[in-house]
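Output the structure for:
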Amino acid sequence: MCGAMRHHWLLLGACGWVLLILMFVSKFINFRAVDDYGERIAGQSWTVSGTKVVKHISVSSPEKTASKASDQPSVLPTVVDWQSVADKRIELLSTVCKNSSLRNLTHVSISKFVLDRIFVCDKHKILFCQTPKVGNTQWKKVLIVLNGAFPTVEEIPENLVHDHEKNGLPRLSSLTPQEVTHRLNTYFKFFIVRDPFERLISAFKDKFVKNPRFEPWYKHDIAPAIIRKYRKSHRDSDLAASGLHFEDFVRYLGDAEGRRRMDRQFGEHIIHWVTYAELCAPCEIHYSVVGHHETLEQDAPHILKAAGIDQLVSYPAIPPGITRYNKTKVEHYFSDMSKRDIRRLYARYQGDFHLFGYPSPEFLLN
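So this is what the prediction gives:
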């Protein structure tokens with residue numbers, strides 16, 4: 001009898017322990033469910049103009065949030081936020097255009113050279129001014145799709161984009177003066193800019209270091225001409241072997257009189273390093289939007305929306321971080337250069353720095 005009672009009480013005790021354990025586990029599961037839900041809230045996604053980004057909602061302590069802020073991707077601005085940024089860029093552009101002390105650096109006539117840079121999409125009333133070395137190839141693809149030649153940007157062959165005989169992109173220069181004026185006054189107009197010095201580095205690397213095989217004149221004609229005039233010591237027999245140095249390139253760009261004479265020889269090839277003012281005449285043409293290469297991930301979808309084409313075409317995917325300004329790279333390229341040469345270069349591109357809100361590179365100048 002006693003043995004049976006003891007067995008009964010042991011069984012009740014075991015059941016009690018099981019109940020306690022189940023209650024504890026239930027509480028733990030509920031806690032984790034709330035925590036997981038909180039994490040999901042903190043990382044919920046939202047969509048702006050077809051681009052998926054992360055919207056952060058604070059659910060943790062300020063200290064914890066601050067410690068993780070640098071690890072999170074930047075949040076795309078809303079349409080209202082971006083429009084405010086776009087308006088401020090145009091306002092700055094207009095203000096600098098009125099600065100008489102910079103007039104020689106910011107004002108150019110709307111010449112055939114400028115009209116040659118502007119591509120036309122009549123179907124959607126868009127004008128795009130080409131500014132090389134800031135992702136123009138991708139914007140050309142967008143226009144090619146809009147003109148109906150290809151269904152998506154991914155299907156366009158790379159060699160077709162820059163073949164202006166076959167890519168179906170008319171230039172503004174191909175139209176009559178009356179047609180040009182009408183489009184400049186009524187179409188959506190935009191172009192993209194980038195830190196001026198970083199753009200020059202990109203142009204130098206692309207044309208004189210990588211030097212695509214289909215553009216041999218940069219290496220065989222332009223580089224030797226610059227070396228002969230601007231390298232302090234050289235032998236003609238070594239010109240092709242040694243190649244153009246960035247220091248030679250900077251001296252050429254900073255020499256106002258000598259450069260003009262050489263540019264007449266180089267012709268259209270100078271588009272990769274002439275100023276934005278010379279390319280697009282932003283003080284003479286009233287552009288709707290100026291995009292920035294450094295914020296292209298944010299700017300591109302909003303430009304498409306502002307132009308009314310966001311439902312028709314997408315901007316090609318941008319690898320994360322690829323458009324970010326790289327101060328270390330700029331310092332490296334200018335590290336062995338004299339302050340005199342750097343200041344002469346800045347004197348030429350000062351207008352671009354001011355027009356588009358880029359800070360002057362004091363870390364190089366002083």
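
Strands along this protein, start to end?
45-48, 51-54, 118-121, 126-129, 188-193, 289-292 (DSSP state E).

Those: lowest mean pLDDT?
The stretch with the lowest mean pLDDT among the strands of the chain is strand 45-48, at a mean of 27.

got a list of what residue 105 touches?
275, 277, 348, 350, 351, 352 (CB atoms under 8 Å, 6 or more residues apart in numbering). All C-beta spots, glycine's among them, are computed from the backbone N, C-alpha and C.

which of those residues lies closest to residue 334?
In terms of CB to CB, no member of those lies closer to residue 334 than residue 348, at 14.7 Å.

show me what contacts the closest one?
So residue 348 contacts 105, 253, 254, 256, 275 (CB under 8 Å, 6+ apart).

Same question for residue 140.
119, 128, 130, 161, 162, 167, 169.

wait, isn't the fourth one in contact with residue 142?
No. With contacts defined as CB atoms under 8 Å, residue 161 does not count as touching residue 142, sitting 10.7 Å away.

For these two, indicate the residue with more neighbours.
A count of neighbours by other CB atoms under 10 Å puts residue 142 above the other of residue 161 and residue 142, at 24 against 20.

Mind pulling up the pLDDT for that one?
Reported pLDDT for residue 142: 94.

these two touch, right, it and residue 313?
Yes. Between residue 142 and residue 313 a contact is recorded at 5.4 Å, counting by CB under 8 Å.

Restricted to buried residues, select the contacts of residue 348 in PyMOL.
Those of the contacts of residue 348 that count as buried under 16 or more other CB atoms under 10 Å are selected in PyMOL with:
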select buried, resi 105+253+254+275
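
Out of the contacts of residue 348, which one has the lowest pLDDT?
On pLDDT alone, residue 256 ranks lowest of those, at 88.

The contacts of residue 348 in helices, which ones?
105, 253, 254, 256 (DSSP state H).

Now tabulate those residues in CSV and tack on distance to residue 335.
Output for the ones in helices among the contacts of residue 348, formatted as CSV (distance: CB to CB, whole Å):
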residue, distance to residue 335
105, 26
253, 18
254, 17
256, 25
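
Return the closest of these with respect to residue 90.
residue 105 (18.8 Å).

List only buried entries from the contacts of residue 140.
119, 128, 130, 161, 167, 169.

check contacts around the third one.
Spelled out, that is residue 130. 117, 118, 119, 136, 140, 191, 271, 279.

Can you tell me how far it is from residue 205?
To residue 205, residue 130 is 19 Å away according to CB to CB, to the nearest Å.

now the second one
Distance of residue 128 to residue 205, computed by CB to CB: 24 Å.

Same check on residue 255?
Here the criterion is CB to CB. By it, residue 255 lies 21 Å from residue 205.

who's more crowded, the two?
Taking other CB under 10 Å, residue 255 and residue 205 do not tie; residue 255 has more neighbours (18 against 15).

ok, now how distant is the more buried one from residue 143?
Applying CB to CB, the value for residue 255 to residue 143 is 36 Å.
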